[in-house]
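**Student:** Quick one: sequence plus predicted model below, questions after.
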Amino acid sequence: MDFLLEYLGFLAKTATVVVAALIVLSAVAATSAHRAMRKPPGGQIEITLLNDRLRDMGRAIEEASISHAAAKRQRKREAKARKHDRKRRDKAGRRGRPVEDPRRRVFVLNFNGDIQASAVDNLRLEISAVLASAAETDEVVVRVESAGGMVHAYGLGASQLARVRSHGLKLTAAVDKVAASGGYLMAAVADRVLAAPFAVVGSIGVLAQIPNIHRLLKKHDVDVEVLTAGRYKRTLDVLGENTEQGREKLREELEDIHALFKEYVADWRPSLNLDAVSTGEAWYGQRALDRALVDELVTSDEYLARACADAEVLEVAWVEPKRPIERLVGQFSSVIESTLHRLMDRMMGGFR
């Protein structure tokens, strides 16, 4: 028993050190980010041909079951075919006759949302790059992963996806894990919404949660003065004393935002029974399909693998270079975070 207590004490001390290190590293990262904001933006579009990635993975498995000589001959045949196709294109280009490629293109974008929808900054650039070269026969697939967040931020994200529709391109939203609230606001813009069988979809609702420590401050004789100009400049407050009038006004604002949310979704998915799905609830894959929140149950991997059969599937990402200090902080943060998770798992294991 003494050994167990000593071991738990050691783990608690280690966890404290790790948390302190995380706080320091977070402060350094925040300082670096603040400095970076004052520098002109830089970055580039990176394109990954998913057809090649899929083919390379399949080839690795195939070559594991054949001789080295046979694998070498196969690679030579494929390289010769690619070289012949490249020469044909170059020759046609020199003669002023563009080579018609019967294969359509599928552009894949990834949106991993946080509360502030900060990924919209990259999404807008990726969409601009795609629209600059896409043809009418092309398709844009957006893999949306988000539990929602700020209204204005996710509204901008949905507006960016609406640009794709306004250009006449087919837009598909794929949800592998969760697209709720603001995440679903974005996904609903698509022509088709795909979801994995156990993806969480929906949550067409609005939430405001504001802590209030007024009574605690009063208990310690601390007064807070909140001065406003305008009847409803401030509804509910963290420090001051809240009023029923302020609560009622905030409820009205939430109802109005909810109405806007429903109207926007209805514009893109008019077949939805909004009274049934706008209760703030979220549903898993099949239940979401039953309510017409999604159009098909399939993972993004399966959908894109099928698309590789008759299309060039291009993953598009805007990448900004990181300074050495930012990379170092990121690496240390990852190591410390994983270590902390392991320590917490061991501590929880000791209490089971």
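**Tutor:** Noted; the coordinates are in hand. Residues are numbered from 1 along each chain as shown.

**Student:** Relative to Leu239, how far out is Ala129?
**Tutor:** Counting by Cβ to Cβ, to the nearest Å, the gap from Ala129 to Leu239 is 45 Å. Quick note: C-beta positions are derived from backbone N, CA and C, even for glycine.

**Student:** So if I had to pick from these two, which one is more boxed in?
**Tutor:** More crowded of Ala129 and Leu239, by other Cβ atoms under 10 Å: Ala129, with 18 against 15.

**Student:** how close does the residue nearest the centre of the chain get to Met150?
**Tutor:** The centroid of the chain falls nearest to Asn112 when counting by Cα atoms, centre = their mean (1.3 Å). Per Cβ to Cβ, Asn112 is found 16 Å from Met150.

**Student:** Kindly report the same for Ser133.
**Tutor:** Relative to Met150, and taking Cβ to Cβ, Ser133 is found at 31 Å.

**Student:** what about the two, which has more around it?
**Tutor:** Neighbours of Ser133 and Met150, each counted by other Cβ under 10 Å, are more numerous for Met150; the result is 13 against 9.

**Student:** Report the contact partners of that one.
**Tutor:** 115-117, 182 (Cβ atoms under 8 Å, 6 or more residues apart in numbering).

**Student:** quick one on the thing from earlier: hang on, the residue nearest to the centre of the chain packs against Asn122?
**Tutor:** No: counting by Cβ atoms under 8 Å, Asn112 sits too far from Asn122 to count as a contact (9.9 Å).

**Student:** List the contacts of stretch 233-253.
**Tutor:** 208, 210-214, 217, 224-226, 228, 232.

**Student:** Make CSV from those residues and add secondary structure and pLDDT to it.
**Tutor:** Formatted as CSV, those follow (DSSP: H, G, I helix; E, B strand; the rest coil; pLDDT from 0 to 100):
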residue, secondary structure, pLDDT
Ala208, coil, 86
Ile210, coil, 86
Pro211, coil, 90
Asn212, coil, 88
Ile213, coil, 88
His214, helix, 87
Leu217, helix, 87
Val224, coil, 84
Glu225, coil, 83
Val226, coil, 80
Thr228, coil, 83
Tyr232, coil, 84
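
**Student:** Would you mind putting the residues you listed into TSV with neighbour count alongside?
**Tutor:** Listed next are those as TSV, based on neighbours: other Cβ atoms under 10 Å:
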residue	neighbour count
Ala208	11
Ile210	10
Pro211	7
Asn212	14
Ile213	13
His214	15
Leu217	15
Val224	13
Glu225	6
Val226	11
Thr228	9
Tyr232	12
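
**Student:** So which residues lie in contact with stretch 198-210, not counting its own?
**Tutor:** So stretch 198-210 is contacted by 147-148, 151, 175-181, 184, 187, 193, 195, 236-238, 250, 254, 257-258, 261-262, 265, 274, 277-285, 288, 291, 293-294 (Cβ under 8 Å, 6+ apart).

**Student:** hang on, the earlier thing: separation between the closest residue to the residue nearest to the centre of the chain other than its chain neighbours and Ala199?
**Tutor:** Among residues not flanking Asn112 along the chain, Glu145 sits closest, at 5.0 Å (Cβ to Cβ, 6 or more residues apart in numbering). The spacing between Glu145 and Ala199, counted by Cβ to Cβ, is 9 Å.
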